[in-house]
Structure formats: C-alpha cells, structure tokens
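In: quick check, what structure comes out for this input:
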Amino acid sequence: MTISNADRARILVHALPYIKKYTGKVVVIKYGGSAMQSEELKNSVVRDVILLRLIGVQVVLVHGGGPEITEMLERLGKKTEFVGGLRVTDRETVEVAQMVLAGKVNKSLVNLIECSGGSAVGLCGMDGHLICAEQKDETLGFVGRIVKIDPRPILDLLEKGYIPVVSTLGCDGKGNVYNVNADTAAAKIAGALKAESLISLTDTAGILRDKNDPSTLIPRVTLSDADKLIADGVIAGGMLPKVECCTDAVKDGVRRVFIIDGRVPHSILIETLTDEGIGTMFEEG
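Out: Next up, the predicted model:
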C-alpha cells in the first residue's frame with residue numbers, strides 16, 4: 001500500500017496531541033510474550049521504543065525471559081518445576097537465570113536498540129540495589145518478593161538520554177539473588193517512577209468478556225470493575241496476576257495502565273499516539 005505525502009502529514013498532525021501529552025513523561029513498557037520470541041515483532045517493538053524516545057518520551061523497557069531460562073536449563077539437563085505458575089528456583093537455577101536474564105537477553109536487547117539507532121544501557125535489579133527483594137516462599141527457593149525499588153539508577157540513565165533496559169533480578173542485603181516476576185517488577189518500577197503510563201505487552205487482545213471472542217474486548221476497566229470481573233471469573237488463570245499488577249500500579253500513582261496485544265506490529269505506537277488505542281486501559285474508580 002502506497003501512502004501519499006498528504007496522508008503522512010495527516011498522520012503526524014493527528015499524533016501531535018499525544019506527542020505533547022507524553023513528551024517529557026516516563027513510560028514503562030513490560031516486554032514479554034510473542035513480542036520477545038518473533039524477530040519481526042522484536043524489531044517492531046524496538047522501533048516503537050526508539051521513536052518514542054526521539055519525540056521526548058522517557059521510555060523504560062522492563063523484560064523477563066522465562067522461555068530462555070527454560071531452554072538453557074534443558075540444555076544443561078536440569079528439569080524445570082513450577083508451583084502455582086512460579087518456577088521453583090534452587091541456587092543453580094537462579095545462577096542460570098542471572099546468566100540468561102542479565103546477560104544474554106538483556107544485552108541482546110541493548111545491542112538491538114543500539115543497532116537500530118537508539119541509545120540504551122542494560123541494568124538488572126542488582127545494579128544500585130534497584131530491586132531489593134526477599135524470599136517469597138521457602139518452597140520456591142530463590143523466587144523474590146519485592147521489598148523496595150530504588151529508581152535512581154534508572155533516573156540517572158534517563159537524564160543522560162539513554163533507554164534503560166531492565167532485567168528483573170533482585171537481591172537482598174546478604175547477597176542473595178532472586179528471580180522476580182517481570183509483571184510485578186514493571187508495575188513496582190512504574191509506581192516508583194510515578195510514570196505517566198505502564199504498557200504491558202501480552203499474547204491477548206486485552207481483557208475479554210469471552211476469552212475466545214476478541215470482539216468482547218473491554219477497553220476500560222476501573223479498580224472496582226476489576227474486582228467484579230475477578231469475582232465473576234472473567235479475569236482468571238494467567239491473566240489474574242497480570243491484572244493485579246496493573247491495579248497495583250494504578251494504586252501506586254501510575255496515571256494510565258494498559259494491557260495490549262504484543263502480537264500486533266507497532267501496538268505500542270497505536271496505543272500511545274492514536275485515538276483508537278488497542279487493548280484494555282486500567283484507571284481509578
């Protein structure tokens with residue numbers, strides 16, 4: 001499809017109010033799901049992030065890497081066990097998680113952003129005690145519950161014009177390292193930064209009244225709506241912890257929180273720079 005110069009101009013003019021709204025503001029993007037596995041989608045996300053940074057948005061990219069951890073454990077001949085959706089993490093497993101998240105995944109994303117024209121620096125939660133954590137449950141081993149977020153390492157990088165890329169490992173005062181859920185970390189980081197918005201990329205269109213029918217998308221959910229949807233079983237399963245993270249972020253002062261479909265190319269730009277948006281927005285009420 002060919003886009004005329006007039007169409008290009010209209011698109012830019014249409015985006016202007018949204019650019020003004022977000023310029024100078026912090027936007028935290030939780031990066032995961034298919035958008036991390038597909039090279040095409042990965043490039044789409046990176047281009048969106050760089051464009052937002054170029055128009056003055058202070059973008060923070062927070063990522064997990066569960067599939068990559070599982071793949072590495074399998075290569076090492078180590079079986080993965082999950083309890084309640086969380087990986088049982090002994091000392092050897094957390095060492096693998098540290099190697100994969102803070103090393104391979106994080107630095108690959110930084111490199112991709114740099115090669116695509118952006119400026120990025122990789123962080124993990126241990127850097128500057130960004131993510132202080134404690135053991136969540138003895139039966140899970142080195143799985144962390146966040147105690148405190150110190151946003152100063154992120155703020156320092158934002159001030160210098162970089163895109164911080166954060167892998168979700170935490171630590172305690174005794175030197176123990178913990179694997180931390182990426183949705184939880186992104187929400188807590190967004191709250192600590194008093195971000196304008198938190199955008200969570202998932203493998204669904206958003207909150208659906210009928211999980212098998214994308215046309216039942218619920219575009220806006222208040223905190224009270226969320227409680228009712230949970231009670232009614234509309235929000236359940238793997239979506240439940242994601243929604244709890246979103247509502248926690250709203251309670252912590254994040255102005256706009258979104259769950260959007262990361263399988264849609266340029267979904268971040270569609271959400272931030274258009275009237276239509278994409279996915280579900282959470283708000284107070």
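
In: going along the chain, name the strands of the stretch 1-150 of the chain.
Out: Under the criterion DSSP state E, counting those that start in this stretch, strands of the stretch 1-150 of the chain are mapped to 26-31, 58-63, 82-83, 86-87, 120-124, 131-135, 144-149.

In: just those strands: most buried one?
Out: strand 26-31 (a mean of 27; mean count of other Cβ atoms under 10 Å). Backbone N, C-alpha and C define where each C-beta goes, glycine included.

In: sorry, back to before: among the strands of the stretch 1-150 of the chain, which is nearest I163?
Out: strand 120-124 (4.3 Å; Cβ to Cβ).

In: which residues are in contact with that closest one?
Out: 61, 98, 101-102, 106-107, 109-110, 113-114, 130, 153-154, 157, 162-169 (Cβ atoms under 8 Å, 6 or more residues apart in numbering).

In: could the strands of the stretch 1-150 of the chain be laid out in TSV, adding mean pLDDT and distance to T184?
Out: What follows is the strands of the stretch 1-150 of the chain, written out as TSV (pLDDT from 0 to 100; distance: least, Cβ to Cβ, whole Å):
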stretch	mean pLDDT	distance to T184
strand 26-31	96	10
strand 58-63	98	10
strand 82-83	84	16
strand 86-87	84	11
strand 120-124	97	15
strand 131-135	97	10
strand 144-149	96	6
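
In: just the buried ones out of the contacts of strand 120-124, please.
Out: Taking 16 or more other Cβ atoms under 10 Å as the criterion, what is buried in the contacts of strand 120-124 is 61, 98, 101-102, 106, 109-110, 113, 130, 153-154, 157, 162-169.

In: now, the residues you listed that are in helices?
Out: Q98, N106, L109, V110, I113, P153, I154, L157 (DSSP state H).

In: model confidence score at the nearest residue to R152 once chain neighbours are set aside, please.
Out: Leaving out its chain neighbours, the residue that sits closest to R152 by Cβ to Cβ, 6 or more residues apart in numbering is G128, at 6.2 Å. According to the prediction, G128 has pLDDT 95.

In: of the strands of the stretch 1-150 of the chain, which is nearest D213?
Out: Set against D213 and scored by Cβ to Cβ, the strands of the stretch 1-150 of the chain come closest in strand 26-31, at 25.1 Å.

In: which helices and strands does that closest one pack with?
Out: helix 39-54, strand 58-63, helix 182-193, strand 197-202 (3 or more Cβ pairs under 8 Å, 6 or more residues apart in numbering; DSSP states H and E).

In: any chance of JSON lines for these, columns distance to D227?
Out: Shown next, in JSON lines, are the helices and strands packed on strand 26-31 (distance: least, Cβ to Cβ, whole Å):
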{"stretch": "helix 39-54", "distance to D227": "31"}
{"stretch": "strand 58-63", "distance to D227": "26"}
{"stretch": "helix 182-193", "distance to D227": "17"}
{"stretch": "strand 197-202", "distance to D227": "19"}
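
In: out of those, the one nearest V234 is which?
Out: Nearest to V234, of all the helices and strands packed on strand 26-31, is strand 197-202, at 15.7 Å by Cβ to Cβ.

In: after that closest one, next one along is what?
Out: strand 220-222 (DSSP states H and E).

In: mind listing what's buried along that following strand?
Out: Applying a neighbour-count criterion of 16+ other Cβ under 10 Å, one finds V221 buried in strand 220-222.

In: ok, now stretch 196-206?
Out: Under the neighbour-count criterion of 16+ other Cβ under 10 Å, stretch 196-206 has E196, S197, L198, I199, S200, L201, T202, T204, A205, G206 buried.

In: which single one of these is nearest to I270?
Out: Distances from I270 to these, taken as Cβ to Cβ, are shortest for I199 (10.8 Å).

In: quick check, that closest one in contact with V28.
Out: Yes - I199 lies in contact with V28 (Cβ atoms under 8 Å); the separation is 7.3 Å.

In: for the most centrally placed residue in the chain, give me its contacts.
Out: Geometric centre of the chain, nearest residue: K30, 0.6 Å, by Cα atoms, centre = their mean. Residues near K30 by Cβ under 8 Å, 6+ apart: V62, H63, A182, D183, A186, A187, L198, I199, S200, L201.

In: hang on, I260 is in a strand, isn't it?
Out: Yes - using DSSP: H, G, I helix; E, B strand; the rest coil, the assignment for I260 is a strand.
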